[in-house]
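Visitor: What shape does this take:
(one chain, ligands or ions: 2)
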Amino acid sequence: MTASLKPILAPRSIALAGVSSRPDSLSIKLLDNLLASGFTGRIYPVNPRASSIRELPCYPSVTAIGAPVDLAVLMVPRDLVIPTVDECLAAGVGGVVVITAGFREGGEEGAALERELVSRLRASGVRMVGPNCMGVINTAPDVRLDATFSPTPALPGPVAFASHSGALGVAVLEAAAEAGLGFSQFVSVGNSADVNVNDVLEYWESDERTRAVMLYLESLDEPRRFLEVASRLTARMPVIALKAGRTAAGQRAASSHTGALAAADTAVDALLAQAGVLRATTLEEMFEVALGAQSCPAPRGRRVAVVTNAGGPAIVAADALATHGLELAPLTAATQAEIRSFLPAEASVADPVDMLPSARPEDYRRALGLVLADEGVDAAVAIAVTPPQGSALEVAEAIASQARGCAKPVVSVFMTAARFYPQAHRIPGMPPVYRYPEGGVRALAALVRHGERRHDRGGEVPVVASPTLDGAVARARWGYLPQAEAFAVLEEIGIPVAPWRPARDLEAAVRAAEELGFPVVLKGEASALVHKSEMGAVQVNLASPAAVRQAGLGMADRLAAAGLQLDGFVVQRLVPGGREVILGVSRDPAVGPLLMVGLGGVAVEVWKDVVFRPVPVTTGEAFGMIEALRGAPLLGEFRGRPAGDVASLAEAAARLGALAAAVPELAECDVNPLFVLDQGRGCVAVDVRLRLAP
Ligand code: ADP
Ligand code: MG
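Guide: Numbering: from 1, shown residues only. Ligands and ions are numbered 1, 2, ... in the order given. Below you'll find the model as predicted:
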């Protein structure tokens, strides 16, 4: 697979089919870029009406070149694309980039042409980037390929970039040059008719110059394959994605909580998170994080030292750290004393280290060196507003001298004149430069997330089986499973259920309560009833037969008043003192089954504190989902209460996820609530709804 992209991304010879001799044409701009980039291979312009272009001899056709051609870049009019591709195949071309537009993006006629194009290529095994794309770049010194219309050459660097939008991609390249972001490769995938983002990611896996990946996505091609490839990549390098647009929400029955909470974008988010991809919400953030990833190692922890010559920006930085779950590092007394030794008495030497406006470049060098050497510091933010003495550039050099080769990441924030920035990028070893503290902190926070990715990969996917569910599927019993069977499914896959009995009428309910032991919970069953407590059909903490009778009569009245037929009761032992959590499964048309973990109970849709992941997940990944909940502290030690049994919750979540992965007919499931008991006591489900669909 990856070898087949080599002729496209590292060609030794290129034919430019349809390059025009008009000086203002786009196609000649591409030729000019190719020449300016210093392409190390041979260039063959193809144009039947010109004898030479830019002093290169021109060929009437690709076949007329008469020498091996690795890559053909097609800029011919749309209706000539297929004949030209045929010619390329006849000439034994290794790969094709089709710049020409007017295919699938332009309607049914174009779509038909695109299908035709793909079928010819597939038959030959030759790969194609495009159509409707802006070309490819590879800055490797032995290739030096810029086959795009980019107005600004890409700086060489470690970031590989793929974009669904060609125009946006080129705009990003332009802005990147200004920000000092350097690229190993750029691929404008266009319509992705053949080569898609996943293929490119796979190629980058083995590209030794690529150390970070940036993606602008408008859709997810082959989501499951993306998950696989991107997961492998993120284990080795940060992958930053800006996903624009929304997925087709598809058909989703929203009768379950999980279904209602799975918004259109949930599946994409879940998939990116599961793959360990850092999702940026704005272009700016994508840039910020890529800048950080370009030159910083991932921090080992969340403790950040701030070194500044101005108090205000340091406070802004401290706030941003807190917002992103990072913390100010507590500096050791020794570090503080050493910093104190060369700063004025008014300076603050605890984190943030405020060296005051009088700080000289030398002070930055020493203070930054000391905080980076402190054991309690995982990363540093160096902030400078235009210093009254010395120049910002000298401060930048001082910062670079400490950041260079340091195993801990440093980001810098300069709030100074515009002319500073392009000069700063030229300082060797200069850490990423941001104009505002928030940008630098956002980048650090993303790198921390990338670094922590390794932790939530542990554990295994549990092996589960449910004969009850398999039986229902075999007999095509679509729709909701009866309560008894749904509980049985949970027990079969190892999720404990609170002891319960079905009861046809009130007297049977009282007998059941006596068998189970008081106190009990009484639940009214009606087939049309989705959320029982909404109709007063759940009565908890009933301590006597009389209480059960009274509750049952009231329930019957309420259901009758609502025109609902009471089918019977469920009597359940009361589970005291657990924390209510929801586990759920919903199905996304593109991504497949998603597992949800959230803070549960009847108000789950109010709090919306839920995390989704594609299944299956390991127990370690389930742990990561629990940690990602805003309300996660409620499951820990809280206000004198012992911690909840989070390990058993993670186990239960992973088990439900494994079931969803194994049984595609499991369309929806809510386990709500699952009570998480105190540490060592496990968890127990008291309510489950489970729907099967073909
Ligand atoms: P529904 O979700 O259909 O309204 P549930 O069976 O989930 O009905 O019950 C609603 C609420 O009642 C639960 O969120 C929980 O707070 C409480 N509850 C239900 N069963 C029990 C039980 N066995 N022990 C303790 N509380 C329970
Ligand atoms: Mg419930």
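
Visitor: Okay, now the unreliable bits of this structure?
Guide: 1, 245-264, 454-457 (pLDDT under 70).

Visitor: If we use 50, what do you get?
Guide: 247-254 (pLDDT under 50).

Visitor: Return the residues of it in contact with ligand 2.
Guide: Asn672, Asp687 (Cβ under 5 Å from the ion). (Glycine included, C-beta is placed from N, CA and C.)

Visitor: In space, what's closest to the residue nearest the centre of the chain - neighbours in sequence excluded?
Guide: The centroid of the chain falls nearest to Leu272 when counting by Cα atoms, centre = their mean (2.9 Å). What sits nearest to Leu272 in space, not counting adjacent residues and going by Cβ to Cβ, 6 or more residues apart in numbering, is Arg279, at 4.9 Å.

Visitor: Whichever strand or helix holds that neighbour: partners in the sheet, and parallel or antiparallel?
Guide: According to DSSP states H and E, Arg279 maps onto strand 278-280. If you go by DSSP bridges, strand 278-280 pairs up with strand 239-243 (parallel).

Visitor: which residues are in contact with the strand it pairs with?
Guide: Residues outside strand 239-243 that contact it (Cβ atoms under 8 Å, 6 or more residues apart in numbering) are 201, 212-218, 220, 230, 233, 265, 268, 272, 275-283, 285-286, 289-290, 293, 446.

Visitor: Tell me the buried residues within those residues.
Guide: 201, 212-217, 220, 230, 233, 268, 272, 275-280, 285-286, 289-290, 293, 446 (16 or more other Cβ atoms under 10 Å).

Visitor: In helices, which of those fall?
Guide: Per DSSP state H, helices hold the following members of the buried ones among the contacts of strand 239-243: Leu201, Ala230, Leu233, Val268, Leu272, Glu285, Met286, Val289, Ala290, Ala293, Ala446.

Visitor: so the fifth one touches Thr281, yeah?
Guide: Yep, that's Leu272 we're talking about. No - the pair Leu272 / Thr281 is not scored as a contact, 11.6 Å apart, by Cβ atoms under 8 Å.

Visitor: residues in contact with whichever residue of the stretch 1-150 of the chain sits closest to ligand 1?
Guide: Closest approach between the stretch 1-150 of the chain and ligand 1, counting by Cβ to the nearest ligand atom: Arg104, at 45.9 Å. Listed by Cβ under 8 Å, 6+ apart, the contact partners of Arg104 are Gly110, Ala111, Glu114, Asn132, Asn191, Ala193.

Visitor: What's the PyMOL line that selects buried ones from those residues?
Guide: Applied in PyMOL, the following selects the buried portion of these according to 16+ other Cβ under 10 Å:
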select buried, resi 110+114+132+191+193
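
Visitor: Pick out the most distant pair among the contacts of Arg104.
Guide: Ala111 and Asn132 (11.6 Å; Cβ to Cβ).

Visitor: Find the residue closest to the residue of the chain at minimum distance from ligand 2 in space, skipping its chain neighbours.
Guide: Nearest to ligand 2, among the residues of the chain, is Asp687, at 3.6 Å (Cβ to the ion). The spatial neighbour of Asp687 that comes closest, neighbours along the chain excluded (Cβ to Cβ, 6+ apart), is Asn672 at 5.8 Å.

Visitor: ok but the one you found is inside a helix, no?
Guide: No - read with DSSP: H, G, I helix; E, B strand; the rest coil, Asn672 is strand and lies in no helix.

Visitor: Verify the stated contact: the residue nearest to Leu272 with Leu271.
Guide: No - look at Arg279 against Leu271 with Cβ under 8 Å: they stay out of range, at 10.0 Å.

Visitor: next one: stretch 326-345 to chain centre, how far?
Guide: Relative to its parent chain, stretch 326-345 has a centroid offset of 37 Å by Cα atoms, centre = their mean, to the nearest Å.

Visitor: Tabulate the CA atom coordinates of that stretch in CSV.
Guide: Provided in CSV are the C-alpha atoms of stretch 326-345 (Å, rounded to 0.1, in the frame of the first residue of the first chain):
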residue,chain,number,x,y,z
LEU,A,326,-2.5,22.1,33.9
GLU,A,327,-1.0,23.5,37.1
LEU,A,328,1.7,26.0,38.2
ALA,A,329,4.7,23.9,39.3
PRO,A,330,5.7,24.3,42.9
LEU,A,331,9.4,25.3,42.6
THR,A,332,11.7,23.9,45.2
ALA,A,333,13.1,26.2,47.9
ALA,A,334,16.6,25.7,46.3
THR,A,335,15.4,26.8,42.9
GLN,A,336,13.7,29.8,44.4
ALA,A,337,16.7,30.8,46.4
GLU,A,338,19.0,30.6,43.3
ILE,A,339,16.6,32.7,41.2
ARG,A,340,16.3,35.1,44.1
SER,A,341,20.1,35.6,44.1
PHE,A,342,20.2,37.5,40.8
LEU,A,343,16.9,39.3,40.8
PRO,A,344,15.8,42.5,42.5
ALA,A,345,14.1,42.1,45.9
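
Visitor: For it, which residues meet the burial criterion?
Guide: Within stretch 326-345, the residues scored as buried using 16+ other Cβ under 10 Å are Leu326, Leu328, Ala329, Leu331, Thr335, Gln336, Glu338, Ile339, Leu343.

Visitor: Just the helices from the stretch 351-500 of the chain, written as ranges.
Guide: 361-373, 392-403, 420-424, 437-452, 467-474, 483-492 (DSSP state H, counting those that start in this stretch).

Visitor: of all those helices, which lies closest to Ala590?
Guide: Comparison of the helices of the stretch 351-500 of the chain against Ala590 by Cβ to Cβ identifies helix 467-474 as nearest, at 22.3 Å.

Visitor: And for Ala693, the neighbour number?
Guide: 13 (other Cβ atoms under 10 Å).

Visitor: Can you tell me, leaving aside adjacent residues, what's nearest to it?
Guide: Using Cβ to Cβ, 6+ apart and skipping the chain neighbours, the partner closest in space to Ala693 is Ala667 (3.8 Å).

Visitor: Also Arg122?
Guide: Leaving aside its sequence neighbours, Arg122 sits nearest to Asp194 (Cβ to Cβ, 6+ apart; 7.4 Å).

Visitor: what helix or strand does the one you found sit in?
Guide: Going by DSSP H and E, Asp194 is not part of any helix or strand.

Visitor: Same question for the one 4 residues further on.
Guide: Under the criterion DSSP H and E, the helix or strand holding Asn198 is helix 197-205.

Visitor: For that helix, buried residues please.
Guide: Quick answer for helix 197-205 (16+ other Cβ under 10 Å): Val197, Asn198, Asp199, Val200, Leu201, Glu202, Tyr203, Trp204.

Visitor: hang on, isn't the second one packed against Leu227?
Guide: No - the criterion here is Cβ under 8 Å, and Asn198 misses it with Leu227 at 9.6 Å.

Visitor: Over to Pro141. Which of the three states is it?
Guide: Criterion first, three-state DSSP; result for Pro141: coil.
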